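[1] Build me a structure from this.
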Amino acid sequence: MNSYIEWGVKALSKFNGMFAFAIWDNQKKELILARDRYGIKPLYYYKGNNTFLFASEIKSFLGSGVYKPNINKKGLLEYFTFQNFFSSSTLFDNVQLIPAGSFMILGARDKEFKLQQFWDYNFSEPNKCLNQNQYEEKFLYLF
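    Residues are numbered from 1 along each chain as shown. As a prediction, the model looks like this:
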């Protein structure tokens, strides 16, 4: 919480490890939902019928008494095709997963959703070759 107070959502790019959390910013009247870089910890949300729900497990929505489950046919096709989800889809209609390395802001005043990515993979190659000692130092640092 202190890091959010200090840096706002820019704090997310400073975090390492697994996380999925929600922060209520009382001054801005905003709800911030965030998910770790690799998407290890899930964070689902449902929006529909003037209702917004979020949880780390979809079964929490079922216990809310508000959400009525229906099968998401596109999500089912994606799952049968890849045996996984590579999008924000789920097997349930109107239930989505916040993408890895992303956060969502829900404004209480304007009821607007803003989904933003704070991190992505970097697969770029180095511009120059290192010498043997530099490779060894880099290896030891990473190891």
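
[2] where does residue 35 fall, phi/psi-wise?
    Reported as degrees, to the nearest 10, the phi and psi values for residue 35 are phi -130, psi 150.

[3] Also residue 78?
    Per-residue torsions, residue 78: phi -60, psi -40 (degrees, to the nearest 10).

[4] quick one: it and residue 88 touch, right?
    No - the criterion here is C-beta atoms under 8 Å, and residue 78 misses it with residue 88 at 10.5 Å. Quick note: C-beta positions are derived from backbone N, CA and C, even for glycine.

[5] mind listing what residue 16 touches?
    Under the criterion of C-beta atoms under 8 Å, 6 or more residues apart in numbering, residue 16 has no neighbours.

[6] Give me the most central residue, the protein.
    The residue lying closest to the centre of the chain (C-alpha atoms, centre = their mean) is residue 35, at 3.3 Å.
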